[in-house]
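**Q** Okay, predicted coordinates and the sequence, questions at the end:
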Amino acid sequence: MDQLALLFVLLLGAVVSVPVGDRWGLPAPVLMTLLGIVLAVLDFVPNVDIRPDLILPLLLPPLLYASVRRTSWRQFTANKRPIFLLAVALVFLTTAAVAVVANTIVPGLPLAAAVALGALVAPPDPVAATAVAGQLGLPRRLVSILEGEGLFNDVTAIVLYHVAIAAAVSGSFSPWRAGLDLVLSAVVAVAAGVGLGWAANKLMDMLGDATLQIGLTLLVPYAAYVLAEELHGSGVLAVLTTALFLAEYATDADDVMTRLAGHTFWDVVDTLVTGVAFGLIGLELHNAIRTAAGRWGEMLGWAAAIVAVVVLVRLAWLLPATWLTKRLHAKRDYDEEIPTSWRETVVMWWSGMRGVASVALALAIPLKMDDGSPFPDRDEIVFIAFGVIMATLVLQGLTLPWLVRRLGVRADEDVEKAFEKELAIRAAKAAKRRLKEIEEVEELSEEVSEQLLRRAFDIGTRISPDLGDEERREAYEQRARRIKRIRRIQGEMMSAARHEVLSARSEPGADPEIVDRVLRHLDVRSLR
């Protein structure tokens, strides 16, 4: 098996793992990691031949961009305090705790290298957290906090990692320089992200075509990452800033086709890239086995100690941080989403899985110092990092569904339905207002006006059937059954039309481009 065949297997696994995970009640990223582990132990499967410094730029931008599309700027600003406590303060605390323990138990490990180890295992993976939590029916507030933590903790961890690596390879460290680098990295990243987001928004307006606009959205996250890195900023933060900017300002309510096609396109990208990323994590078992040859007891002991530190520090931090957030929330009535019980706090604790960023940073550790000597204990650091990733991703990922069911943590469906009903009412009222404005300037017959008014009401009832009194709901249900029957018949008629047009492709003298153009017209009609 060569590298191309291995990539195809991972892509196929990414597609298959979604329905298999749904059937078994297991997260697809965890299944892909297990697939990678199985491939890693097969003799005919080669080692992954990817430059370590390319893993983050290739995999992280599209994954982050896809994750940001599910959130909003308001959601981030409303949750800035819990996100700061998790994405910044907890990353610093975890890095420090891991560095102290690793420096103590691993003989000869320099403090700077231990800090690098702490930084690369500190951030929970945004993709793993959202992919796993999103399938479990958790309360939206928990998913929002996990998404915010996962998106922003990489920024803190990667900057800490680079500072620690620079100190390790050069043998010198300046706290003031490190703090300045952190601030400058953030400022440059935000500026680059906003600038690129503005330019991409303008370019999308110029392109017009949905295909070209969606193609541009695939290039934008890579451009943001590379631009920020070239300017010595945080590529991760630049991608987040660009994605938030476009989500806020590049949404055209009337551009239905672009929105539907873009949603489908990014679902496909997210599924494939996530599968490949977590498959690569499992495949790294090759290197871990080679590193630990003859030293299994000692190496596993070190990895277990660091796993315990990572897991326990998160719990020890979440308990007081959640309590403090609740006190401030109740005192100042902030519009933020926080855990409301100890059960939700436990679920948040057990959701701290490590993943793509940790693997990429571990593999990106340089082989040599500035003086040409080998990087101290590089193999040991990579093995420990792999142990932390496997323990948190596989163990926590497989047991999190059971824990959620055991604790009875579920989304508040009544609140969700109430908000859905509120949006339905607002949508129907907006349609009625617009109809009244049109009636003031255009002459409509009573029959047409009544029909349009009924359709305005249908806009709301189709979203939330609970609208209106019992008599109107019954009338709507009857009308809905009649419309459903008509649509079924129309669907069969359109299907016959599409089959007839498609069969023309194989007829002598048929122009396939004209056939596809007519077929696209029928597809759009069917979609409407």
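**A** Right, received. Where do you want to start?
**Q** Neighbours of residue 137, how many?
**A** Using other Cβ atoms under 10 Å, residue 137 is surrounded by 14 other residues. For glycine as for every other residue, the C-beta is placed from the backbone atoms N, C-alpha and C.
**Q** Is it correct that it is in contact with residue 405?
**A** No. Using Cβ atoms under 8 Å, residue 137 makes no contact with residue 405, being 9.8 Å away.
**Q** Find the helix or strand that the most centrally placed residue in the chain is a member of.
**A** The chain has residue 67 as the residue nearest its centroid, 3.0 Å off, counting by Cα atoms, centre = their mean. Following DSSP states H and E, one finds residue 67 within helix 52-68.
**Q** so what secondary structure elements neighbour that helix?
**A** If contacts are counted by 3 or more Cβ pairs under 8 Å, 6 or more residues apart in numbering; DSSP states H and E, helix 52-68 sits against helix 126-134, helix 140-170, helix 210-230, helix 235-249, helix 256-283, helix 356-363.
**Q** In a markdown table: those helices, plus distance to residue 306, mean neighbour count and mean pLDDT.
**A** Converted to a markdown table, the helices and strands packed on helix 52-68 look like this (distance: least, Cβ to Cβ, whole Å; neighbours: other Cβ atoms under 10 Å; pLDDT from 0 to 100):
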| stretch | distance to residue 306 | mean neighbour count | mean pLDDT |
| --- | --- | --- | --- |
| helix 126-134 | 18 | 25 | 64 |
| helix 140-170 | 15 | 23 | 80 |
| helix 210-230 | 28 | 19 | 90 |
| helix 235-249 | 23 | 25 | 86 |
| helix 256-283 | 17 | 19 | 82 |
| helix 356-363 | 12 | 26 | 80 |
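**Q** Please enumerate the strands of the stretch 351-500 of the chain.
**A** Taking DSSP state E, counting those that start in this stretch as the test, none of the stretch 351-500 of the chain falls into strands.
**Q** Sketch out the low-pLDDT regions of it for me.
**A** For the stretch 351-500 of the chain, applying pLDDT under 70 flags the ranges 411-416, 461-477.
**Q** for the helix holding residue 67, the distance to its chain's centre please.
**A** 10 Å (Cα atoms, centre = their mean, to the nearest Å).
**Q** Dump it to PDB, keeping only the CA atoms.
**A** Extracted in PDB, the C-alpha atoms of helix 52-68 (Å, rounded to 0.1, in the frame of the first residue of the first chain):
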ATOM      1  CA  PRO A  52       5.200  17.700  10.400                       C
ATOM      2  CA  ASP A  53       5.200  21.500   9.700                       C
ATOM      3  CA  LEU A  54       2.500  21.000   7.100                       C
ATOM      4  CA  ILE A  55       0.000  19.200   9.200                       C
ATOM      5  CA  LEU A  56      -1.400  22.200  11.000                       C
ATOM      6  CA  PRO A  57      -1.600  24.500   7.800                       C
ATOM      7  CA  LEU A  58      -3.300  21.700   5.800                       C
ATOM      8  CA  LEU A  59      -5.800  20.400   8.300                       C
ATOM      9  CA  LEU A  60      -6.600  23.100  10.900                       C
ATOM     10  CA  PRO A  61      -7.900  26.000   8.700                       C
ATOM     11  CA  PRO A  62     -10.800  24.200   7.100                       C
ATOM     12  CA  LEU A  63     -11.700  22.400  10.300                       C
ATOM     13  CA  LEU A  64     -11.800  25.700  12.200                       C
ATOM     14  CA  TYR A  65     -13.700  27.500   9.500                       C
ATOM     15  CA  ALA A  66     -16.300  24.800   9.400                       C
ATOM     16  CA  SER A  67     -16.700  25.000  13.200                       C
ATOM     17  CA  VAL A  68     -17.000  28.800  13.300                       C
END
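**Q** what is the mean pLDDT for it?
**A** Across helix 52-68, the average pLDDT comes to 81.
**Q** Can you give me the buried ones in it?
**A** For helix 52-68, a neighbour-count test (16 or more other Cβ atoms under 10 Å) marks 52, 55-56, 58-68 as buried.
**Q** Domain parsing of the protein, as residue ranges.
**A** With domains defined by automatic domain parsing, the chain comprises 51-264+295-411, 412-468, 482-528.
**Q** Can you lay out those domains as TSV showing distance to residue 288?
**A** Converted to TSV, those look like this (distance: least, Cβ to Cβ, whole Å):
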stretch	distance to residue 288
domain 51-264+295-411	5
domain 412-468	42
domain 482-528	49
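**Q** Deepest-packed of the ones you listed, please.
**A** domain 51-264+295-411 (a mean of 19; mean count of other Cβ atoms under 10 Å).
**Q** which one of the buried residues of helix 52-68 is nearest residue 149?
**A** Checking the buried residues of helix 52-68 against residue 149 with Cβ to Cβ, the nearest one is residue 67 at 11.5 Å.
**Q** Do a quick rundown of the helices in the stretch 1-150 of the chain.
**A** 3-24, 28-40, 52-68, 73-78, 80-84, 90-105, 111-121, 126-134, 140-170 (DSSP state H, counting those that start in this stretch).
**Q** The first one - contacts with which helices or strands?
**A** This means helix 3-24. Counting by 3+ Cβ pairs under 8 Å, 6+ apart, helix 3-24 packs on helix 28-40, helix 256-283.
**Q** In JSON lines, list the ones you listed along with distance to residue 524.
**A** JSON lines is the format used below for the helices and strands packed on helix 3-24 (distance: least, Cβ to Cβ, whole Å):
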{"stretch": "helix 28-40", "distance to residue 524": "32"}
{"stretch": "helix 256-283", "distance to residue 524": "8"}
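**Q** Minimum distance to residue 401: which of those has it?
**A** Per Cβ to Cβ, nearest to residue 401 of the helices and strands packed on helix 3-24: helix 28-40, 9.9 Å.
**Q** about what we covered before: identify whichever of the helices and strands packed on helix 3-24 lies nearest to residue 520.
**A** Between the helices and strands packed on helix 3-24, helix 256-283 lies closest to residue 520; by Cβ to Cβ that is 10.8 Å.
**Q** Since that was my last question, I'll sign off now.
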